[in-house]
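**Student:** what follows is a predicted structure for the sequence shown.
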Amino acid sequence: MDRFLFLTFGGLSTGAVYAAFALALVLIWRAARLVNFAQGAMAVATAYVGYAVASATGSYWLGLGAAVVAGLLLGALVERVLMRFVGHANPLNEVIVALGLVLVIQAVLGMVFGNGYRPAPAPFDTDALTVGGVAALSPYDLWVLGAVLVVVVLLALLFTRTPIGLRMRAAAFAPEVSRLLGVDVARMLTLGWALAAAVGALAGMLVVPTGLGLHPHAMDLVFVVAFTAAVVGGLDSPAGAVVGGLLVGLILSYVTGYLGPDTTPLAVLVLLLAVLLVRPGGLFSSAKARHV
Amino acid sequence: MTATRPSTRSDVDRPARPSPLRRLLPGAPATTGPRGSTLLRHLAGAVLAGALVVLLTNQLPPYQNLQVARVCAFLCVTAGYTVLVGLNGQLSLGHGALMATGAYTVALVQRGFDERGVQGRWILPLSLLAAVAATALAGLVIGLAAARLRGPYLAGVTLAVATLVPAVSTIFTGVFNGEQGLRFPAETPPAFLGAYFQPERWLAWIALLAALLTVLLLANLVRSRFGRSLRAVRDDEVAARLAGIHVARTQVLAFVVSAGCAGLGGGVYAVLTATVAPGKFPLELSLFLLMAIVIGGLGSLTGAVWGAVLLVALQDLPSLLTETFSLSGGLAQRLEGNLALAVFGLILIVVMLAAPGGLHGAVRTVAARLRARRRAPEH
């Protein structure tokens, strides 16, 4: 039972990171109708910036801020100089360009920082606190859950309570009509990319200390898991992304805990396939399943 | 500005662009001709290409022969892959894992015979056949799921497949020997070629035979009724279904064929080094393969040849650079591998933005423009 509780808490904590990452994927999907396969690589790049700043200034919080700002810039940059010019004749084009970006980013990181694992210290204690004799969440887990919660609330406020959020939703939902009504659709798209990359950067900063450290490929598996989480929740729904992230985090925690860490990729694939084959629109979609 | 490119390109290919249904009908007489002659023409082309490469391997030193062999091994993979992605429009990112399946099958079969002390020249073809069969089976399983998935969903699932290779090899350590991988007896030239026959040349011949067979079969497949079904499904699923094509079956079959080719390529690739290890089939391998067929030109077998050549050439780029310019140890270590990655990625992006048709498409566009210009003064 203790083991089960321990795995549950651990799953919630990693699930929160997957949720943040899935949220970034959902943001871009809603704004531009594409899955950003370069999300993981972009997050790693911003995490390198964050940890470079953190080690230079000695402050984790400055590093975190730098990573998020770098995410905003990188997202806007990728949209303005790259994705805007991809032909939409074939939906595969965007995926292929994003994969090219993955190769470039990982190669540049490897050339600048080397291919080895760099230590990435956590800002809080990662040892679990014991409550009533049961190992529960660690301070770091609490920080992760809190940070993701804040981001989710901020994004929800942005989209439902502010004029800019309304314009972003309109631009994604009906670009032509929005343009006629005076919305700068291209700028909204750039903003969507910037926001998504910033959320991805935060997720990257949160996930790196829990892994082996900073590495150009640190997010490869995280991306696949986050994609699964986004699909579980339905690519269209931010709330679904959060629930999907937590759910996937829990499932993977149990699988890893009871069957061993090597089985994680297999479990991800099985989960992804099961959701896609049974409910292609995601578990939380009210819309009709996609036409096949 | 690039958004208009694809349509102008297809205008060159198909002037009027009528309803997609028209593409389901047999092509104009000039393009296909009687079926037998197509096969004969492809056969003649294959024999000619084979003879040329055999003559070439005679002249080359061992390492270059090994490069030729690697090009041929990759050609098996890229040819099948381009049929799937280019002609059928299904983007798979798991072909590196399918290559691994083929490679491990070859290793397991060869080790199995070796441990029992069985020897013979028939073991190599048998193990390669087993590789094709095992991978085709894996392709059937993935394809059954793929037929229900579209675009980014399919890409995501196959990406998950690509991340599986190291996990599977460590879960079943007893069979696959984890990170160390498997070694098996190296392939040696037969005795009748003489004691001093270059082993690399023999390997190049094996790979060449596999590549020629693959390309020959695929070239005929592409020209057949099935090939037209593939393109019809890619262009418009509803129209294809109305024309009586079983869409899901066509997609699954495309996946099986392409997986079989990847398995053969992976098997030959394993034979070239007589080892298999999960580190040889990382996630990037799948991306490299994608880059190869995109650069070559999606949907044409000629493009697959370009792609395979580029793949091997670019993989050897970093060592070539470090040899040419004497770089300091640290810098060379950082550039090692990463430089090729960066070049791969940049090419992928630039080609996708500037010439979505790839090298093959660009050559055809330029040729068509030149022809149009030559014709223009007559008007």
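**Tutor:** Looks like it arrived, so ask away.

**Student:** contacts and neighbour counts: CA atoms only from here.
**Tutor:** OK.

**Student:** where do the strands sit along the stretch 201-350 of chain B?
**Tutor:** Per DSSP state E, counting those that start in this stretch, the stretch 201-350 of chain B carries strands over the ranges B:275-276.

**Student:** my bad, should have said the stretch 51-200 of chain A
**Tutor:** A:130-131, A:134-135.

**Student:** comparing those strands by mean pLDDT, which bottoms out?
**Tutor:** Least confidently modelled of the strands of the stretch 51-200 of chain A is strand A:134-135, at a mean of 68 by mean pLDDT.

**Student:** so the residue in the stretch 101-250 of chain B positioned nearest to chain A versus B:A160, what's the distance?
**Tutor:** Of all residues in the stretch 101-250 of chain B, B:A167 sits closest to chain A, at 5.3 Å by Cα to the nearest Cα. Distance, B:A167 to B:A160, by Cα to Cα, to the nearest Å: 11 Å.

**Student:** same question, B:P61
**Tutor:** B:P61 is 40 Å from B:A160, by Cα to Cα.

**Student:** the host helix or strand of B:N65: what's the following helix or strand?
**Tutor:** Counting by DSSP states H and E, the element that carries B:N65 is helix B:62-82. Going down the chain from helix B:62-82, the next helix or strand is helix B:95-115, by DSSP H and E.

**Student:** show me what contacts the closest residue to A:Y51 other than its chain neighbours?
**Tutor:** In space, and not counting its chain neighbours, A:Y51 is closest to A:G63: 5.8 Å by Cα to Cα, 6 or more residues apart in numbering or on different chains. Neighbour list for A:G63: A:V49, A:G50, A:Y51, A:A52, A:V53, A:A54, A:S55 [criterion: Cα atoms under 8 Å, 6 or more residues apart in numbering or on different chains].

**Student:** circling back to that earlier point, tell me which element the residue of the stretch 101-250 of chain B closest to chain A is part of?
**Tutor:** Assigned by DSSP H and E, B:A167 falls in helix B:164-171.

**Student:** show me which residues of that helix are buried.
**Tutor:** B:L164, B:V165, B:P166, B:A167, B:V168, B:S169, B:T170, B:I171 (16 or more other Cα atoms under 10 Å in any protein chain shown).

**Student:** cool, and stretch B:130-142?
**Tutor:** For stretch B:130-142, by 16+ other Cα under 10 Å, it's B:A130, B:A131, B:V132, B:A133, B:A134, B:T135, B:A136, B:A138, B:G139, B:L140, B:I142.

**Student:** next one, pLDDT for the fourth one please.
**Tutor:** At B:A133 the predicted local confidence, pLDDT, stands at 96.

**Student:** isn't it right up against B:A262?
**Tutor:** No - contact criterion Cα atoms under 8 Å: B:A133 and B:A262 do not qualify, at 11.0 Å.

**Student:** list the residues that contact both of these two?
**Tutor:** Counting by Cα under 8 Å, 6+ apart, nothing touches both B:A133 and B:A262.

**Student:** ok, the residue positioned nearest the centre of chain B - contacts?
**Tutor:** By Cα atoms, centre = their mean, the mean C-alpha position of chain B lies nearest to B:T78, the distance being 1.2 Å. Residues in contact with B:T78 (Cα under 8 Å, 6+ apart) are B:A262, B:L289, B:A292, B:I293, B:A304, B:V305, B:G307, B:A308.

**Student:** also B:R111?
**Tutor:** B:R183, B:F184, B:P185.

**Student:** point out the least confident one among the residues you listed.
**Tutor:** B:P185 (87).

**Student:** if I look at that residue, how far off is B:A195?
**Tutor:** Distance, B:P185 to B:A195, using Cα to Cα: 18 Å.

**Student:** more crowded one of the two?
**Tutor:** Using other Cα atoms under 10 Å in any protein chain shown, the more surrounded residue of B:P185 and B:A195 is B:P185, with 14 against 10.

**Student:** for stretch B:209-216, list the C-alpha coordinates in PDB.
**Tutor:** Extracted in PDB, the C-alpha atoms of stretch B:209-216 (Å, rounded to 0.1, in the frame of the first residue of the first chain):
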ATOM      1  CA  LEU B 209      21.500  -7.800 -55.500                       C
ATOM      2  CA  ALA B 210      19.100  -7.000 -52.600                       C
ATOM      3  CA  ALA B 211      18.800  -3.400 -53.800                       C
ATOM      4  CA  LEU B 212      18.200  -4.400 -57.400                       C
ATOM      5  CA  LEU B 213      15.600  -6.900 -56.500                       C
ATOM      6  CA  THR B 214      13.800  -4.400 -54.300                       C
ATOM      7  CA  VAL B 215      13.800  -1.600 -56.800                       C
ATOM      8  CA  LEU B 216      12.800  -3.900 -59.700                       C
END
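
**Student:** sort out which residues of it are buried, please.
**Tutor:** So for stretch B:209-216, counting by 16+ other Cα under 10 Å, buried means B:L209, B:A210, B:A211, B:L212, B:T214, B:V215, B:L216.
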